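Undergrad: Sequence and predicted structure are below.
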Amino acid sequence: MKRLLSLLLFGAAGTAFAASPAPHRIFIAGDSTAATYGAERAPQAGWGQKLPNWTVEGWDVRNHAVGGRSTRSFIDEGRLDAIASEIGAGDVLLIQFGHNDAKREDATRYTDPATDYPQLLQRYVEVARAAGATPILITPVARLLYDFRSLVDTHGRYTLAMQDLATREDVALIDLNATSSDWIRAHGEEGAKPYFMHVPAQGKTDGTHFSEAGADAVACLVAAGWRGIDADAPVKAVTAADCHALPAPPVAPVSPSVVVQERDIAITQPGPHEGLGTTTAYPFFSDATGFDLIFRKRAFHPGATIGDHVNDKDEIYYVLSGRGRLTLNDTVREVGPGDAILTRNGDRHALEQLGDEELVIFIVYQPVKR
């Protein structure tokens, strides 16, 4: 054993090796705006996955942000516990929530900005401090939402609650809501769209989530904000003006008329909205640009379902073949060939395939404008 330790510490020739210092780590607790996305979700990206572009050498980013989470659900799912099991002295915990805390219709996520929200944020702060790490609060990033030519602040009370907590508990704060709002205004409503998931080729007009260019720009704003409150922050020396100057991808031109064959576009997918079983989706014209209507066919294999969910848009389903059991709000009925179903924004519905024959439907809707 002594011989082994000697080899590990001094090497075979007796020369001492300097122990490599463990890198410090930046942990991120947050929602979909900060989350990491795979290549299959391109061009969508979160600022957390782009933050390594803006950190200095010797610091690792551990991105725990997950889509759809609030301060409450992130804790309830054990995700803060997972961070607590890893984080240590000298590390940093970046904390950004607010988008999903405001979803009053979902008790598993909603938090009151006057009570629950700051109380739950306090738990993140305590986890970091108990480990000897530094907590940093980050106000929720702005949405691309204009009304009468003015950018709408959708996070007001949550931003104020986080700012109050930061002052009361002497926690560092990056006001990303303010700097990202300035960034959007600098580009204007149309000019900012390429930084968000306004992707005509995918039928998306999403003003909440970012393209890769947008995620990189917001990560830059986080770095600039961090530098603004700490000159020794482990990020590159950038300013908000530098972030504003980062280029966006060019807007795709309107695509021409085209004929497609469904066998060439078939994709095997799980049941939508966390439904059961597998389906085959036929996303007609998914790469068409300058077209704001989604038109697709979906075949539900035996046992497949659309999970029970609340609509965020109006949709039309048309049953081509097979049978299914539709739950629409408080009504349950069987549907079959020739049945057309209009489901409205805010309604709750689910659909279950019945029998041995596949349930095949057409789905038509306009993308949600956020």
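TA: Cool, the structure landed. Numbers count the residues shown, from 1 in each chain.

Undergrad: Going along the chain, name the helices of the chain.
TA: 2-10, 47-50, 71-76, 79-84, 116-130, 156-169, 176-192, 212-229, 240-244 (DSSP state H).

Undergrad: Adding mean neighbour count as columns, could you present these in CSV?
TA: Backbone N, C-alpha and C define where each C-beta goes, glycine included. Listed next are the helices of the chain as CSV, based on neighbours: other CB atoms under 10 Å:
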stretch, mean neighbour count
helix 2-10, 10
helix 47-50, 26
helix 71-76, 21
helix 79-84, 17
helix 116-130, 18
helix 156-169, 17
helix 176-192, 19
helix 212-229, 24
helix 240-244, 17
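
Undergrad: With distance to K204 and mean pLDDT as extra columns, can I get those helices in CSV?
TA: CSV is the format used below for these (distance: least, CB to CB, whole Å; pLDDT from 0 to 100):
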stretch, distance to K204, mean pLDDT
helix 2-10, 54, 37
helix 47-50, 18, 98
helix 71-76, 24, 97
helix 79-84, 27, 98
helix 116-130, 29, 98
helix 156-169, 25, 97
helix 176-192, 15, 96
helix 212-229, 13, 97
helix 240-244, 23, 96
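
Undergrad: Out of these, which gets nearest to G336?
TA: helix 71-76 (37.9 Å; CB to CB).

Undergrad: returning to what we had before: out of the helices of the chain, nearest to S150?
TA: Nearest to S150, of the helices of the chain and by CB to CB, is helix 176-192 at 9.3 Å.

Undergrad: tell me what the closest one is packed against?
TA: Where contact means 3 or more CB pairs under 8 Å, 6 or more residues apart in numbering; DSSP states H and E, helix 176-192 is packed against strand 150-151, helix 212-229, helix 240-244.

Undergrad: Out of the ones you listed, which gets nearest to A89?
TA: Closest approach to A89 among the helices and strands packed on helix 176-192 (CB to CB): helix 212-229, 19.3 Å.

Undergrad: packing partners for the closest one?
TA: strand 44-45, helix 47-50, strand 134-138, strand 172-174, helix 176-192, helix 240-244.

Undergrad: Restricting to C-alpha, output it in PDB.
TA: Output in PDB follows, covering the C-alpha atoms of helix 212-229 (Å, rounded to 0.1, in the frame of the first residue of the first chain):
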ATOM      1  CA  GLU A 212     -29.500  29.100 -30.800                       C
ATOM      2  CA  ALA A 213     -28.600  32.800 -31.600                       C
ATOM      3  CA  GLY A 214     -31.100  34.000 -29.000                       C
ATOM      4  CA  ALA A 215     -29.900  31.600 -26.300                       C
ATOM      5  CA  ASP A 216     -26.300  32.700 -26.900                       C
ATOM      6  CA  ALA A 217     -27.300  36.400 -26.700                       C
ATOM      7  CA  VAL A 218     -29.200  35.800 -23.400                       C
ATOM      8  CA  ALA A 219     -26.300  33.800 -22.000                       C
ATOM      9  CA  CYS A 220     -24.100  36.800 -22.900                       C
ATOM     10  CA  LEU A 221     -26.600  39.100 -21.000                       C
ATOM     11  CA  VAL A 222     -26.300  36.800 -17.900                       C
ATOM     12  CA  ALA A 223     -22.500  37.100 -18.100                       C
ATOM     13  CA  ALA A 224     -22.700  40.800 -18.600                       C
ATOM     14  CA  GLY A 225     -25.100  41.200 -15.700                       C
ATOM     15  CA  TRP A 226     -22.800  39.000 -13.500                       C
ATOM     16  CA  ARG A 227     -19.800  41.200 -14.400                       C
ATOM     17  CA  GLY A 228     -21.900  44.200 -13.500                       C
ATOM     18  CA  ILE A 229     -22.400  43.100  -9.900                       C
END
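
Undergrad: on that earlier part again, out of the helices of the chain, flag the one nearest A266.
TA: Going by CB to CB, the one of the helices of the chain nearest A266 is helix 212-229, 27.4 Å.

Undergrad: what angle separates the closest one from strand 134-138?
TA: Helix 212-229 and strand 134-138 are oriented at 120 degrees to each other (axes from the mean of the first three to the mean of the last three CA atoms, to 10 degrees).

Undergrad: quick one: contacts for the residue nearest to R348 when sequence neighbours are not counted?
TA: Nearest residue to R348, sequence neighbours excluded (CB to CB, 6 or more residues apart in numbering): V310, at 5.1 Å. By CB atoms under 8 Å, 6 or more residues apart in numbering, the contact set of V310 is E105, G346, D347, R348.

Undergrad: Show me which of those residues is closest to V171.
TA: Nearest to V171 among the contacts of V310 is E105, at 30.0 Å by CB to CB.

Undergrad: list the contacts for that closest one?
TA: V310 are the contacts of E105 under CB under 8 Å, 6+ apart.

Undergrad: mind checking pLDDT for it?
TA: Listed pLDDT for E105 reads 92.

Undergrad: Can you tell me which of the helices of the chain is nearest to Y146?
TA: Among the helices of the chain, the nearest to Y146 by CB to CB is helix 176-192 (4.6 Å).

Undergrad: chain center to the closest one, what's the gap?
TA: Remark: helix 176-192 is offset 19 Å from the chain centroid, using CA atoms, centre = their mean, to the nearest Å.

Undergrad: One more: stretch 210-218?
TA: Once both centres are worked out by CA atoms, centre = their mean, stretch 210-218 turns out to sit 12 Å from its chain's centre.

Undergrad: Domain-wise, how is the chain divided?
TA: The record's domain split for the chain, according to automatic domain parsing, is 22-244, 262-365.

Undergrad: and stretch 62-74, how far apart are its ends?
TA: 16 Å (CA to CA, to the nearest Å).

Undergrad: Right, I'll call it a day here.
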